[in-house]
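K.L.:
I need the structure of the sequence given here:
(4 chains)
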2 protein chains.
Amino acid sequence: MTEPKTHGPAATPHTARKPARDGKGNATIYDIAKVAGVNPSTVSRALSKPGRVSAKTQKLIEDAAAELNYQVNPFARALPTGRTNTFGLIVADITNPTFFDIIRGAQTTGTLRDYTLVLAESAESAATELTAARRMMTTADGLILASPRMDDDDIRALARDKPVVVINREVEGMPCVIPDVRKGIGEAVRSLAANGHKKMAFVAGPARSWMSARRWEGVQAACEWSRLEAVRVESTKPTVDGGRQVARDVLATNATAVLTYNDLLAIGLMQELQAGGMAVPDQISIVGFDDIFGADFTTPPLTTVRSPLGECGAGAATWLLDLLQGKGEPDGTLRVETELVLRGSSGRLLGST
Amino acid sequence: MTEPKTHGPAATPHTARKPARDGKGNATIYDIAKVAGVNPSTVSRALSKPGRVSAKTQKLIEDAAAELNYQVNPFARALPTGRTNTFGLIVADITNPTFFDIIRGAQTTGTLRDYTLVLAESAESAATELTAARRMMTTADGLILASPRMDDDDIRALARDKPVVVINREVEGMPCVIPDVRKGIGEAVRSLAANGHKKMAFVAGPARSWMSARRWEGVQAACEWSRLEAVRVESTKPTVDGGRQVARDVLATNATAVLTYNDLLAIGLMQELQAGGMAVPDQISIVGFDDIFGADFTTPPLTTVRSPLGECGAGAATWLLDLLQGKGEPDGTLRVETELVLRGSSGRLLGST
DNA sequence: TTGTATGCGTTATCAA
DNA sequence: TTGATAACGCATACAA
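P.N.:
You can find the predicted model right below:
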């Protein structure tokens, strides 16, 4: 200890049974009422709704509150109202960098609007996810589900209680925020075609992934338009390691360009290919998906279709908070644009015209 | 809407003023009491403390609770007890990958012990941090401060109210969890020395950073021990860009090896050096710090001193939760070991014996 | 072991 | 515009 206590007779052990209040404890509206010489209910009004109290008593109360260093007790407030100024976010995997931006986006717009973010992880399990969601529903005003694993019906059941917004998946009758892959994929495929590629491979993600299906659809559509041949290659898992493992299959397709379900696959694939002596992009072009943190750490830096995850998080939070204030549409789909980020891992084949 | 409502007279708009309870609302201990034919207080006892009720009424109550799909109302519980089963985590910057692992570690051990994580960001501002911390203190049972920017005194003041654990900084009289840099730096420097390096540069982090100072101390000590000459180079900011900018100064030192304050600096430095035609590690060895996500995406993959951030987060959460149960030491320092992760960016100089 | 009574801090309803 | 008072759901001394 370098500093003497400024008040209180002794250190307050946090192990005490009673609520840790040294001496008098936190100020309540009663304390303010006493100081300001008004009724507690008047204090409550003055502090919650601005206009329902006379200007001078308002000031009286505000001064008293400031003097007493008053802080509302959110729990006491939550009891009668049911509102907590809190919203939950459940992500499938905190380890996955994809979610970092989502978390950040949600957190940022949350604090901006005076809401607190509560975070939970489903560990990729639908059951864990549902449990976590149920728990959160009791404490939070609303919920954001990022890449949920549970059934549509479970999600809709949750939403009967309080507002729920879904990210990265489209669920009928729910507010959903999803990246619109068409633009970004279109740009990527056109770029590849312009560089003379005739055949490209798509390395797919998990079979059950909603997004992977969308991306494959997008690739097919864009390739048809640009008259490229598209072949699909399955991966074992959507990780760097999965990318390494899929290299052999990719080579077997004789494609000169690859678009992967996500950046991790692209990075692993590129590493493996380079380790085998192939030059990127001189002998093969590689395009990732998402533009996660670190996508530009590679040599060459990874060309990728950027998924605006931060915007997704922010958009979902905005929508949810609007809903909580009775302002937004109760369902629909918010599509955020994807775009090609052209870096070094894609380009013209060496020796092609 | 694809599915009819199963109960309730009409859709319950979330915008309703009253607590969103369709019809009868969530079950309370009173409902359980009625079903089980006992007094509400008995229900409370049965559900909170296991042993204080007879076996058969216990079962009676549990059955009724299950049947009614009872969920405790955390706010109602928090009001009399002051406890919320919630703990806060404040990080300086959600963007910074350093914190990802900390968040994950804390979240994981939190849920393991039935605590919910509440996340906030200080945006690198001491003032914002203090505000966020104060807010959290009113709702959470305890707080974890990761790389706090505020003064020691502010931290201690916070800790008078409820338990606070600090990560990445040592504050007198507080429980602190910090990576012990000595082992990792020692390994790095010895590895460099064994590869024939005689002079190394340390690229420092922010001037005010507590950790940067520790790391520089560690480098000096280890270099003295291994008879290496160590020079210090200042960076403008601890980012990839900062690493690029510092390349010129690093070259000016004529050092053949570099250890940077963090991985981001190392990656930027390596990119800039390689862009200038230097071979890594043939002409210069680069060692980063932290082993963040993506450190192995580079070519060559980055040698780095791993900071066990996940363990820090988990350790801090464990300590905090212990404190909340009156089990742990109220202060002290938990040091978690760092270690060298030898990858491709460091090694022997080309042409050296 | 179980029931009774009261308080936690706030909002909301009703009068004044 | 303000004051009195009843919930909100749970925990806990205290009494039985």
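K.L.:
what's around A:Leu112, how many residues?
P.N.:
Other residues lying near A:Leu112 total 12 when counted by other CB atoms under 10 Å in any protein chain shown. In short, each C-beta sits where N, CA and C put it, glycine included.
K.L.:
can you pull the contacts of the closest residue to chain B within the stretch 101-250 of chain A?
P.N.:
Closest contact between the stretch 101-250 of chain A and chain B, by CB to the nearest CB, is at A:Arg104 (4.3 Å). Going by CB atoms under 8 Å, 6 or more residues apart in numbering or on different chains, A:Arg104 touches A:Gly310, A:Gly313, B:Ile94, B:Thr95, B:Glu121.
K.L.:
So which of these sit within helices?
P.N.:
Among the contacts of A:Arg104, the members falling in helices (DSSP state H) are A:Gly310, A:Gly313.
K.L.:
Can you tell me which of the contacts of A:Arg104 lies closest to A:Ile32?
P.N.:
Comparing the contacts of A:Arg104 against A:Ile32 with CB to CB places B:Glu121 closest, at 30.8 Å.
K.L.:
Can you tell me the SS state at the residue nearest to the spatial centre of chain A?
P.N.:
Per CA atoms, centre = their mean, the C-alpha nearest to the average position across chain A is that of A:Ile102, at 2.2 Å. Under DSSP: H, G, I helix; E, B strand; the rest coil, A:Ile102 falls in the helix class.
K.L.:
for DNA strand D, what are the nearby residues on chain A?
P.N.:
When proximity is defined by CB under 7 Å from any atom of the strand, chain A lies next to DNA strand D at A:17, A:38-42, A:45, A:52-54, A:56-58, A:79-80.
K.L.:
Quick check: of the contacts of A:Arg104, which has the highest neighbour count?
P.N.:
Across those, neighbour numbers were computed from other CB under 10 Å; A:Gly313 holds the maximum, 29 neighbours.
K.L.:
Find me the pLDDT at that residue, would you?
P.N.:
With respect to pLDDT, A:Gly313 scores 97.
K.L.:
Which residues are in contact with it?
P.N.:
Contacts of A:Gly313 (CB under 8 Å, 6+ apart): A:Leu89, A:Asp101, A:Ile102, A:Ile103, A:Arg104, A:Gly105, A:Ala106, A:Gln107, A:Thr109, A:Ile144, A:Ala146, A:Ile167.
K.L.:
which one of these is nearest A:Leu269?
P.N.:
Checking the contacts of A:Gly313 against A:Leu269 by CB to CB gives A:Asp101 as the nearest, at 22.4 Å.
K.L.:
Just give me the neighbour total for that closest one.
P.N.:
23.
K.L.:
Okay, it and A:Pro206: tell me how far apart.
P.N.:
The gap separating A:Asp101 from A:Pro206 is 20 Å, by CB to CB, to the nearest Å.
K.L.:
do A:Val38 as well
P.N.:
From A:Val38 across to A:Pro206, the span is 61 Å (CB to CB).
K.L.:
who has more neighbours, these two?
P.N.:
Set side by side, A:Val38 and A:Pro206 show more neighbours around A:Val38, with 19 against 16, by other CB under 10 Å.
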